[in-house]
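> no sequence on this one, just coordinates:
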C-alpha cells in the first residue's frame with residue numbers, strides 16, 4: 001500500500017468514525033474467509049459495517065474524533081464494527097462472538113464514552129432503534145384504539161336494541 005492509498009484510507013476511516021454512533025473493537029483469532037464474509041453480511045443486514053484496518057492507520061484516523069479513547073484497544077489483529085444506530089453493530093458482534101471462539105470483543109466506544117467488553121455486551125442487549133420506534137408507535141396507538149372502541153360501543157348497543165325491536169315487530 002503506497003502513501004496515497006494510506007492517506008485515502010485514513011480519511012475514509014476518519015469520516016466513518018465521525019458519522020458512527022458506536023464503534024466496537026474486536027480481535028480476530030484466526031477467522032476463516034467464510035466466517036468473515038458471514039459476519040460482514042450480518043452486519044450489512046443490520047445496517048452496520050465491519051472492517052479490518054491497520055492499527056497505526058486506525059489510530060491516526062481516531063485522533064480528531066470522539067472515539068480517541070479507544071486507541072489503546074488497537075493492538076494485535078483487530079476488526080472494527082460500526083454503525084449509526086448505537087445498538088446494531090454491538091448486537092451483531094456479540095451474537096457472532098457467541099457462535100465462534102475466533103472473534104473476541106475487546107471493547108468499544110459510544111461517542112466519547114469508552115466501553116469495556118461487558119459494556120458492549122450490555123449495549124447489545126438493548127433494543128435497536130427500529131424496535132424502540134415500533135414500541136413507541138404501539139404505545140401511542142393503543143389508547144386511541146381503546147378510545148375508538150369505547151366511543152363505538154354505546155352506538156353499537158343502541159343499534160342492536162333497535163334491530164331487536166324491528167325483528168320483534170316483523171315477527
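Everything's here; your move. Fair warning: this is a prediction, and the values are worked out from it, not measured in the lab.

> how deep is residue 37 tucked in, by neighbour count?
11 (other Cβ atoms under 10 Å). Heads up, the C-betas are built off the backbone N, CA and C, glycines and all.

> any idea how far the helix or strand of the chain with the lowest mean pLDDT is from the chain center?
Scoring the helices and strands of the chain by mean pLDDT, DSSP states H and E places helix 129-170 at the bottom, with a mean of 76. Averaging C-alpha positions (Cα atoms, centre = their mean, to the nearest Å) puts helix 129-170 37 Å from its chain's average.

> which other helices and strands contact it?
For helix 129-170, there is no helix or strand it packs on, judged by 3 or more Cβ pairs under 8 Å, 6 or more residues apart in numbering; DSSP states H and E.

> Around residue 25, count how many other residues there are.
27.

> pretty sure it is in contact with residue 114, am I right?
No - counting by Cβ atoms under 8 Å, residue 25 does not reach residue 114; the two are 10.1 Å apart.

> which regions of this structure sit below the pLDDT cut-off?
147, 153, 171 (pLDDT under 70).

> Can you give me the domain assignment for this structure?
Domain assignment for the chain by automatic domain parsing gives 3-126, 127-171.

> highest average neighbour count across these?
Among these, domain 3-126 has the highest mean neighbour count (mean count of other Cβ atoms under 10 Å), at a mean of 18.

> Would you mind measuring the gap between the ends of that one?
41 Å (Cα to Cα, to the nearest Å).
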